[in-house]
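Student: Quick one: sequence plus predicted model below, questions after.
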Amino acid sequence: SKVNAAVYQDVLEHFMLPAADQLYGDADLIFQQDLAPAHSAKATSTWFKDHGIPVLNWPANPPDLNPIENQWGIVKRKMRYARPNNAEELKATVRATWALVTPEQCHRLIDSMPRRTAAVIRAKGAPTKY
């Protein structure tokens, strides 16, 4: 289904809360999310306040430092000439292409995080080569 505020809060309630409790117990927790409409809805903000969970302030257009975005870029480039004819072929092509990604490629992206973070800090949040 489409993720609206109600669906998002249901996911938070039934999945995030139990996982956070299992992983962090009584330790302090700050939740991070982007500004998707379901995340920034007043009802969602109220849900976090009612549950006593602080949310990290997030800029409107932050640089995307998540290495998974670069990983998806690698997969897209590998699929550039693929021409699936339907949704099932597309899914199979994505799975097969994703399977070609090596652990070394993943580690290189993760290892690049200090450089990426430093570049964003130097650029004061403006775009970087990453």
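Tutor: Received the coordinates, thanks.
Student: Geometric centre of this protein: which residue is closest?
Tutor: residue 66 (6.6 Å; C-alpha atoms, centre = their mean).
Student: Ramachandran angles for it?
Tutor: Main-chain torsions, residue 66, degrees, to the nearest 10: phi -70, psi 120.
Student: For residue 32, which non-adjacent residue is spatially closest?
Tutor: residue 56 (4.6 Å; C-beta to C-beta, 6 or more residues apart in numbering). All C-beta spots, glycine's among them, are computed from the backbone N, C-alpha and C.
Student: ok, the residue of the chain positioned farthest from its centre to residue 92 distance?
Tutor: Distance from the centre of the chain peaks at residue 85, with 28.6 Å (C-alpha atoms, centre = their mean). Look at residue 85 and residue 92: by C-beta to C-beta, to the nearest Å, they are 11 Å apart.
Student: How about residue 4?
Tutor: Counting by C-beta to C-beta, the gap from residue 4 to residue 92 is 30 Å.
Student: and residue 95, how many neighbours?
Tutor: Using other C-beta atoms under 10 Å, residue 95 is surrounded by 9 other residues.
Student: Look at it and report its pLDDT.
Tutor: pLDDT, residue 95: 94.
Student: related to what we said a few turns ago, residue contacts, the residue nearest to residue 32?
Tutor: Neighbouring residues of residue 56 by C-beta atoms under 8 Å, 6 or more residues apart in numbering: 30-33.
Student: before we move on, the earlier item: let me see the confidence value for the residue nearest to the centre of the chain.
Tutor: At residue 66, pLDDT is 79.
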